[in-house]
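A.B. asks: Show me how the following folds:
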Amino acid sequence: MLLSVRYVAVVLICLLSVGCAKTSMQATDELWGQWRAIDALVQTDYPDAPPVILVHGWNGSEFTWSDVEMLRRFEAHMHRDIYFFTYRTGVVAGRFPPIEVLEEKFERYLMPFKQVDVIAHSMGGLIVRQYLSHHTEHPIRRLVFLSTPHFGTNAAAVLESFASVSPEGNLQADEMQVGSDFLWQLNLQQGQELQGVEVLNAYIDGDSVLDSDLVVDSASAWLPWAANVSVSKGDHHALASGLMNYDFLLNFLSFGTLPSLAEMPKQRDLWLRVRDESGKAMPITANTLRRLNAKFQPNQHDVSVCCKRASALYEMMRESLLVKDIQPEDVLWLRQRDGAKPLVVKEAGMMENYKQPITLQELQLNPSE
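C.D. replies: Residues are numbered from 1 along each chain as shown. From the prediction side, this is the model:
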C-alpha cells in the first residue's frame with residue numbers, strides 16, 4: 001500500500017522524539033540528571049512485593065515511560081518496585097535482533113524473579129506474547145498491553161522502506177508489518193499463550209486525528225483473547241507516558257480489577273494464505289484475488305500482499321493476501337493457474353464467519369479445484 005508523504009511525515013514525528021532548542025551542554029547535563037534519577041528509582045524498596053517490569057516498544061528506552069518523579073509516585077502508590085527491560089532497537093537500519101531473539105533475552109531477564117507484573121508498550125507487547133508462547137512456566141501474574149500492534153501496523157511499511165537504504169534493513173519493522181509471518185504464527189495460537197495470566201489490553205481510540213493513535217489502529221490493537229479497554233484521547237505514547245493518569249491501570253495492577261470494557265471495532269479484515277495441491281505455498285500477488293460485490297462488479301476496496309522480505313526467524317509462508325474492510329456483499333474470487341476455474345473464497349452473506357476485527361484463513365487447494 002502506498003503511503004502519502006504527509007502520512008509518512010506524521011508517522012515519523014509520532015515515533016521519534018526530537019528536541020533542538022537546548023544547547024549540547026544543557027542537554028548533556030539534563031541526561032546525566034535523568035540517568036542518576038533512574039538509577040535511584042530501580043533500587044529495591046519493596047522486596048516482598050512482586051515488582052512491575054516495564055517493556056518498551058520499537059525505538060524506545062527507559063525514557064518511553066513517565067518521567068522519573070511520576071514513576072516514584074507510581075511505586076509509592078502500589079508499594080511495588082519498578083524495573084526496566086530494555087533492548088537494542090532503533091529507527092535507522094541496523095543489526096537489531098528480531099523479536100524471537102529478544103524473547104530469549106526477556107527470558108533471561110525474568111529468571112531471578114518468582115512473580116512479576118508486566119506493562120508492555122507497543123512492540124514490547126509482541127515480545128512478551130512471543131515469550132509466553134514458548135514458556136508455559138513463567139513468573140508473570142498480570143500483564144498490561146498498551147497500544148500494541150497485535151496484528152501489525154502500516155507504519156512498519158514506512159520503516160521498512162526507510163531501512164531499505166541499508167542491506168541490513170530493520171528486522172523488527174519487517175516483523176511488525178500487517179500480514180507478516182511472525183504475526184501470523186503468533187496470532188494463529190488464538191491467545192493460548194495468555195492462559196493462566198490476567199491480561200488487560202488498552203489502546204487509544206479517539207474521534208479526531210489529534211486525539212488518536214496514528215501508529216496502531218483500533219482493529220490491530222484489539223486483542224480478541226483478552227479484556228480490552230479504550231481511551232478516547234491521546235497519541236501512540238500517551239498510555240506509556242502517563243501511567244499515573246489511568247485509574248483502570250492502577251486498579252488492575254493492584255487488585256486485578258477489570259474496568260468497563262470497550263466494544264469490539266466494527267472493521268473486518270481478512271488475511272488469506274493459499275497452498276497448492278501438494279501443500280506448498282502458492283505464489284500470490286495482489287491480482288491473485290479478485291474482489292467483487294454481490295452483482296459481481298469490481299470492488300475498489302484494498303487488496304494487498306505481505307511480505308517482500310523474510311518476516312520471521314522460522315518462516316512457514318512468506319506471502320499473505322490482505323483484504324481490507326470486508327463488506328457483507330463482497331465475493332472473493334481466487335485466480336489460480338491459467339485456464340483454471342476461479343475458486344470462490346467467500347460468498348455473499350458470510351460475514352458471520354468473521355467474528356473479530358482481523359481473521360486469519362488458510363486455503364488448501366484440491367486437485368479437482
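A.B. asks: count of neighbours near residue 70?
C.D. replies: As a burial measure, residue 70 scores 15 neighbours (other C-beta atoms under 10 Å). C-beta coordinates here come from the backbone N, C-alpha and C atoms, glycine included.
A.B. asks: now residue 183
C.D. replies: Neighbours of residue 183 using other C-beta under 10 Å come to 29.
A.B. asks: Ok, residue 245 next?
C.D. replies: 14.
A.B. asks: Who are the contact partners of it?
C.D. replies: By C-beta atoms under 8 Å, 6 or more residues apart in numbering, the contact list for residue 245 is empty.
A.B. asks: mind checking how far it is from residue 194?
C.D. replies: Distance, residue 245 to residue 194, using C-beta to C-beta, to the nearest Å: 26 Å.
A.B. asks: Check residue 72 too.
C.D. replies: Taking C-beta to C-beta, one finds residue 72 at 31 Å from residue 194.
A.B. asks: Residue 276 too?
C.D. replies: With C-beta to C-beta as the criterion, residue 276 and residue 194 are 34 Å apart.
A.B. asks: tell me which element the nearest residue to residue 190 once chain neighbours are set aside falls in.
C.D. replies: Leaving aside its chain neighbours, residue 190 sits nearest to residue 225 (6.4 Å; criterion: C-beta to C-beta, 6 or more residues apart in numbering). Under DSSP states H and E, no helix or strand contains residue 225.
A.B. asks: Please give me every residue in contact with residue 225.
C.D. replies: 190, 191, 194, 199.
A.B. asks: Just those: which are in strands?
C.D. replies: Counted as lying in strands by DSSP state E, out of the contacts of residue 225, are residue 199.
A.B. asks: which among the contacts of residue 225 end up buried?
C.D. replies: Neighbour counting by 16 or more other C-beta atoms under 10 Å classes 194, 199 among the contacts of residue 225 as buried.
A.B. asks: Let's have the contacts of residue 225 in a markdown table, adding pLDDT and distance to residue 308.
C.D. replies: Below are the contacts of residue 225 laid out as a markdown table (pLDDT from 0 to 100; distance: C-beta to C-beta, whole Å):
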| residue | pLDDT | distance to residue 308 |
| --- | --- | --- |
| 190 | 96 | 27 |
| 191 | 97 | 29 |
| 194 | 98 | 31 |
| 199 | 98 | 33 |
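A.B. asks: In JSON lines: the contacts of residue 225, plus distance to residue 144.
C.D. replies: Output for the contacts of residue 225, formatted as JSON lines (distance: C-beta to C-beta, whole Å):
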{"residue": "190", "distance to residue 144": "20"}
{"residue": "191", "distance to residue 144": "16"}
{"residue": "194", "distance to residue 144": "12"}
{"residue": "199", "distance to residue 144": "8"}
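A.B. asks: Identify, from the contacts of residue 225, the entry nearest to residue 31.
C.D. replies: residue 199 (34.9 Å; C-beta to C-beta).
A.B. asks: for the longest helix along the chain, packing partners?
C.D. replies: For the chain, the helix with the greatest residue count under DSSP state H is helix 24-41. Helices and strands touching helix 24-41, by 3 or more C-beta pairs under 8 Å, 6 or more residues apart in numbering; DSSP states H and E, are helix 68-78.
A.B. asks: Contacts for the following helix or strand past the helix it packs on, please.
C.D. replies: As assigned by DSSP H and E, the chain's next helix or strand after helix 68-78 is strand 82-85. Residues from elsewhere that reach strand 82-85 (C-beta under 8 Å, 6+ apart): 38, 41-42, 51-56, 62, 65, 71, 74-75, 106, 109, 124.
A.B. asks: Let's see the PyMOL selection covering just the buried ones among these.
C.D. replies: Here is the PyMOL selection string for the buried members of the contacts of strand 82-85, based on 16+ other C-beta under 10 Å:
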select buried, resi 38+41+51+52+53+54+55+56+62+65+71+74+75+106+109+124
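A.B. asks: quick revisit: so how far is residue 189 from the residue nearest to residue 190?
C.D. replies: The value you get for residue 225 to residue 189, if C-beta to C-beta is used, is 9 Å.
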